[in-house]
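**Student:** Next input, structure requested:
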Amino acid sequence: MVPKGVMVHSTGANNPALKRYVGPNDGILGDNQYGNHWNQATPGGINVCVHAFIGKLEDGTIASYQTLPWTMRGWHGASGRNGSVNDTHIGFEICEDDLLDLSYFSKVYDEAVELTAHLCKLYYLNPMDDGVVIGHYEGYSRGIASNHGDPKHWFSKHGKSMDTFRADVMALLDLSPDDKPDVPEETETQQPITPPQVPTPIPAPDGAFLVRITASALNIRKGPGIENAIVTTLLNDKNVYTIVEVADGSGASKWGKLKSGAGWISLDYTTKV
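**Tutor:** Got it, this is the predicted structure:
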């Protein structure tokens, strides 16, 4: 899909641990002794797959975990009389606790604001435009999602709402309500973007080599290993990338450092040119 918005969900269960939903253990998630995480077919007997989760790592710190490429259609909001939010919106879940811990709420709320701002930058979205950044309950009222109340029931307990959430995303983007992100013409008119021609590889410098991405999307991280923060995401655009250094790290057999200096990518999802 071409993302046209972001839908915010919360899990509706008193379990703030990411390992409940994301697995298997990568060394920092922790072990889910029940094996009921969502990285399996029909977890709990339902068809569901969101793009990301926000919650606690094993050491108690807050993190976002991407679980689908942003441009892959998810299964997070179902549908309504006017269609399905799954066709248009990226959806992520915030792991709920007992809904009473203000400290935990504030941390995951801020993380959700940051993630949403990142996605708005990535896809040229204005969070204040109608229907762009919405909660699940708002999707239901618009006729594009199932009848859920999240995250309103949780946000309201701590003086927040989707209106304050959108405003906070806008503030983080440093935009005024009347501003619009710089949108490429194809996105502005919602026309399909023509894939670029496969470029002729430029010879790599000594000791370096060229790769193409084989996955539909691949994260660039600050360092070699999935414990490092995501800088941005590369789409499979058939472009050629120069790797100047190889290192070991968690989550991949080998990591490669991009010549551009943008960061490191897993070489498991690339092929040498």
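**Student:** what's around Y140, how many residues?
**Tutor:** Using other Cβ atoms under 10 Å, Y140 has 19 neighbouring residues. C-beta here means a position set from N, CA and C on the backbone, and glycine is covered the same way.
**Student:** any idea which element it lies in?
**Tutor:** Using DSSP states H and E, the element containing Y140 is helix 136-141.
**Student:** can you map out the strands along the stretch 101-250 of the chain?
**Tutor:** For the stretch 101-250 of the chain, the strands defined by DSSP state E, counting those that start in this stretch cover 133-135, 209-213, 217-221, 230-235, 241-249.
**Student:** Make CSV from these and add mean neighbour count to it.
**Tutor:** Shown next, in CSV, are the strands of the stretch 101-250 of the chain (neighbours: other Cβ atoms under 10 Å):
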stretch, mean neighbour count
strand 133-135, 24
strand 209-213, 18
strand 217-221, 20
strand 230-235, 15
strand 241-249, 16
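**Student:** Could you save the ones you listed as JSON lines and add columns showing distance to F92?
**Tutor:** Shown next, in JSON lines, are the strands of the stretch 101-250 of the chain (distance: least, Cβ to Cβ, whole Å):
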{"stretch": "strand 133-135", "distance to F92": "11"}
{"stretch": "strand 209-213", "distance to F92": "23"}
{"stretch": "strand 217-221", "distance to F92": "15"}
{"stretch": "strand 230-235", "distance to F92": "13"}
{"stretch": "strand 241-249", "distance to F92": "25"}
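**Student:** among those, which is nearest K272?
**Tutor:** K272 lies closest to strand 209-213 among these, at 5.8 Å (Cβ to Cβ).
**Student:** how about the CA coordinates for that closest one, as PDB?
**Tutor:** Output of strand 209-213 as PDB, limited to C-alpha atoms (Å, rounded to 0.1, in the frame of the first residue of the first chain):
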ATOM      1  CA  PHE A 209      31.500  -4.200  -2.400                       C
ATOM      2  CA  LEU A 210      28.000  -3.400  -3.900                       C
ATOM      3  CA  VAL A 211      24.700  -4.900  -2.900                       C
ATOM      4  CA  ARG A 212      21.000  -4.700  -3.800                       C
ATOM      5  CA  ILE A 213      18.200  -5.200  -1.300                       C
END
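**Student:** State the distance from the nearest residue to D168 once chain neighbours are set aside to V85.
**Tutor:** In this structure, D168 finds its nearest non-sequential neighbour in V113, 4.7 Å apart by Cβ to Cβ, 6 or more residues apart in numbering. According to Cβ to Cβ, to the nearest Å, V113 stands 20 Å off from V85.
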